[in-house]
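Engineer: With the input below, show me the fold.
(4 chains)
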4 protein chains.
Amino acid sequence: MTEITETTPGWLSPEELRSARARMPILYVDAVPVRVDDKGTVTHIGLLLRIGADGTVSRALVSGRVLYHERVRDALMRHLEKDLGPTALPHVPATPQPFTIAEYFPTQGLTPYHDPRQHAVSLAYVVPVAGDCRPRQDALDLVWFTPQEASSPTVQQEMTGGQGILLKQALAHVGRLP
Amino acid sequence: MTEITETTPGWLSPEELRSARARMPILYVDAVPVRVDDKGTVTHIGLLLRIGADGTVSRALVSGRVLYHERVRDALMRHLEKDLGPTALPHVPATPQPFTIAEYFPTQGLTPYHDPRQHAVSLAYVVPVAGDCRPRQDALDLVWFTPQEASSPTVQQEMTGGQGILLKQALAHVGRLP
Amino acid sequence: MTEITETTPGWLSPEELRSARARMPILYVDAVPVRVDDKGTVTHIGLLLRIGADGTVSRALVSGRVLYHERVRDALMRHLEKDLGPTALPHVPATPQPFTIAEYFPTQGLTPYHDPRQHAVSLAYVVPVAGDCRPRQDALDLVWFTPQEASSPTVQQEMTGGQGILLKQALAHVGRLP
Amino acid sequence: MTEITETTPGWLSPEELRSARARMPILYVDAVPVRVDDKGTVTHIGLLLRIGADGTVSRALVSGRVLYHERVRDALMRHLEKDLGPTALPHVPATPQPFTIAEYFPTQGLTPYHDPRQHAVSLAYVVPVAGDCRPRQDALDLVWFTPQEASSPTVQQEMTGGQGILLKQALAHVGRLP
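Structural biologist: As a prediction, this is how the structure comes out:
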């Protein structure tokens, strides 16, 4: 995933980030964008279509780092706006309690999550999105899936690093695991 | 609290409800209406001003029974609309997981919650409300309090049956307990 | 499921229970018994082998009614002891917050859960069990499954009323959904 | 708080840690040690008595960093054993979901939490402890308080950096906020 350029004093240069990633767990947020009906029931899950550095196509959740001196809530909003555009109208939950944490290790098999670049620990949230989504940056498209489709083998196989599992955990949390 | 008239077959007559209340735990929902800012942080809590059967004035959460064959989500919406009016635009959480359960016993002291009429077990939710609130029925008014005010002794003393504690648990859950 | 005989004043006769079941949601608890390692990771899930009234064999979670004037925590302990025996040493969670609620309707399709006898709303908990389990009453046996096995089609098909889904939600909650 | 010496390759030297702390959020865990009765109800909360670098006496939760390539669950166990001794028998919850996250900022007032050294984001858990606690290292003593005592002004004033608030949030989560 492309990192945004960070020039604010106190943030990390690319080399420093590379170094930190080999030494410390890096704090992330993962957001599962959903559409809900007027009673709050989740009807659809939004997945980003991404092209990786090696050209492979994959579907992904909204995900990214928490920066120095940034609140988790602000990091969530920043990544949602970056990936879904400025008119998505995300409703970040009132509680800071994540529905789970995902521990991405550079070594495979320790947990269901894997990130070859780093040890990342991600706070995962389900975020209802009320507005119009226009993916930006490195995402090609945002596609809405029903819970049934999102947990199907076809979609699950297009998700990497264990995000398919994280998506199913989100569906379980909202009572929509098929 | 005034019960709505229930004439649908399968529901309870007033005598049957009275009888059931002496024999079984009755399923309730409690909703804590909140205002949130554009990042989801709770800024205000809405409390109903009620006049009890004995003329005492009290502040209360949105609360009521779940009916036969009614989904919890539908019961929440019904009680929110009944108490806050049709233009309140409540955002019921996507997850069915309550932030806590409140066990109201007719006997005092077993739990922090007390209801002289019955043994009620209530599923408690924090519900962001985006629209215009116009209390109806037996509620005189809805007043918005800051987290600081809502947990102050003044407001706490105006809440009955342990709802002041439930309100503080809600504030803790959203990270706003002062 | 066989109901225990309830003769305490204030509880329901069989006819009253039958009547109440046609008129009100009935409060239940569901417990998913698990084995954990010394760091709290779930390694196995315990499922009861039951024979239904019609002779069908099925696997089931620990489940049962909350009685009048009984705390949810006491109901959990009572059903765990009834189904797993007196030496199971269950560790009921410190928080009263269930990981989800399961809404069993007599009508199929409204939710993933179904109970032809009644509208039951169940508070669901994952309960680590440290001792020796000896099923009693109507359960023939308790079998421990790995998370992989418990979510396999074979085991899922032996669970009824949507309890297979509830089991998968429990696995998701503890980070063990395969 | 004294950091343990970390000589495993990939971990940070003291200078590197100092540098990282000025550039990135540091991942922490906070554990609230509790005693529970045989039904899981929290009866007491354990607080460490610490003497800070400047000689001030304070009461504290079990707290510390998550290291590179360390699971959150392992970090919790490591800090619990470090602070409570090897015979404490902590029961780390089966779910990885923290009851809240505490965001400690070097700037005061952004959140209820403050750490002059760093921006730390802590995953907070309630951990029942069944064994014998013998504080080690820099903790002088471990004292058990009732929920009433733990949330009293006296104890709250002896807690720093917002940990008094975090303790009250833990009490709210287990239904024991007085």
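Engineer: Isn't residue A:102 up against residue A:115?
Structural biologist: No. Between residue A:102 and residue A:115 there is no contact, the gap being 9.7 Å when judged by Cβ atoms under 8 Å. In short, each C-beta sits where N, CA and C put it, glycine included.
Engineer: What average pLDDT does the one helix or strand residue A:164 maps to get?
Structural biologist: Taking DSSP states H and E as the criterion, residue A:164 maps to helix A:163-173. Mean pLDDT, taken over the full extent of helix A:163-173, equals 98.
Engineer: buried set for that helix?
Structural biologist: Buried residues in helix A:163-173, counted by 16 or more other Cβ atoms under 10 Å in any protein chain shown: A:163, A:164, A:165, A:166, A:167, A:168, A:169, A:170, A:171, A:172, A:173.
Engineer: For the closest residue to residue A:94 other than its chain neighbours, give its distance to residue A:177.
Structural biologist: In space, residue A:94 comes closest to residue B:174 once its chain neighbours are excluded; the distance is 4.7 Å by Cβ to Cβ, 6 or more residues apart in numbering or on different chains. Residue B:174 sits at a distance of 26 Å from residue A:177 (criterion: Cβ to Cβ, to the nearest Å).
Engineer: ok, these two, which is more surrounded?
Structural biologist: In this view residue B:174 and residue A:177 are compared by other Cβ atoms under 10 Å in any protein chain shown, and residue B:174 has more residues nearby, 25 against 22.
Engineer: Return the residues in contact with the more buried one.
Structural biologist: With contacts defined as Cβ atoms under 8 Å, 6 or more residues apart in numbering or on different chains, the neighbours of residue B:174 are A:94, A:95, A:96, B:34, B:42, B:126.
Engineer: which parts of chain A sit against chain B?
Structural biologist: With the criterion set to Cβ under 8 Å from any Cβ of the partner chain, chain A comes near chain B through A:34, A:36, A:38-42, A:73-74, A:77, A:91-97, A:99, A:126, A:128, A:173-175.
Engineer: Narrow those to those in helices?
Structural biologist: A:73, A:74, A:77, A:173 (DSSP state H).
Engineer: Count the residues that sit near the nearest residue to the second one once chain neighbours are set aside.
Structural biologist: Read that as residue A:74. Distances taken as Cβ to Cβ, 6+ apart put residue B:39 closest to residue A:74, at 6.5 Å, once the chain neighbours are dropped. Using other Cβ under 10 Å, residue B:39 has 12 neighbouring residues.
Engineer: who in chain A is up against chain D?
Structural biologist: Counting by Cβ under 8 Å from any Cβ, the residues of chain A close to chain D are A:10-12, A:16, A:20, A:22-27, A:66-72, A:95-101, A:103, A:105-107, A:110-111, A:119, A:121, A:123.
Engineer: Of those, keep whichever come out buried.
Structural biologist: Members of these that pass the buried threshold by neighbour count (16+ other Cβ under 10 Å) are listed as A:11-12, A:20, A:23-27, A:66-72, A:95-101, A:103, A:105-106, A:111, A:119, A:121, A:123.
Engineer: packing partners for the helix or strand hosting residue A:79?
Structural biologist: Here residue A:79 is covered by helix A:72-84, with elements defined by DSSP H and E. In this structure, helix A:72-84 makes packing contacts with strand A:26-36, strand A:62-65, strand A:120-128, strand A:139-145, judged by 3 or more Cβ pairs under 8 Å, 6 or more residues apart in numbering or on different chains; DSSP states H and E.
Engineer: can we see that at 7 Å?
Structural biologist: With contacts defined as 3 or more Cβ pairs under 7 Å, 6 or more residues apart in numbering or on different chains; DSSP states H and E, the packing partners of helix A:72-84 are strand A:26-36, strand A:62-65, strand A:120-128.
Engineer: now the longest one and helix A:72-84, what's the angle there?
Structural biologist: For the pair strand A:26-36 and helix A:72-84, the angle between their directions (axes from the mean of the first three to the mean of the last three Cα atoms, to 10 degrees) equals 60 degrees.
Engineer: Please work out which residues outside strand A:26-36 touch it.
Structural biologist: Counting contacts by Cβ atoms under 7 Å, 6 or more residues apart in numbering or on different chains, the residues outside strand A:26-36 that touch it are A:20, A:42-46, A:61-66, A:72, A:75-76, A:79-80, A:84, A:102, A:118-129, A:144, A:166-167, A:170, B:94, D:25, D:27, D:121.
Engineer: where are the low-confidence patches of chain A?
Structural biologist: Counting by pLDDT under 70, chain A contains low-confidence ranges at A:1-12, A:137-139.
Engineer: Which residue is it, in it, that comes closest to chain C?
Structural biologist: Of all residues in chain A, residue A:172 sits closest to chain C, at 3.4 Å by Cβ to the nearest Cβ.
Engineer: Tell me the residues of chain A that contact chain C?
Structural biologist: A:100, A:165, A:168, A:169, A:172, A:173, A:175, A:177 (Cβ under 7 Å from any Cβ of the partner chain).
Engineer: any idea which of those residues is closest to chain D?
Structural biologist: The shortest gap between chain D and any of these belongs to residue A:100, at 5.4 Å (Cβ to the nearest Cβ).
Engineer: The closest one reaches residue A:126, doesn't it?
Structural biologist: No. The pair formed by residue A:100 and residue A:126 falls short of the contact definition of Cβ atoms under 7 Å, at 10.2 Å.
Engineer: Please tell me how far residue A:172 sits from residue C:178.
Structural biologist: For residue A:172, the distance to residue C:178 - Cβ to Cβ - is 13 Å.
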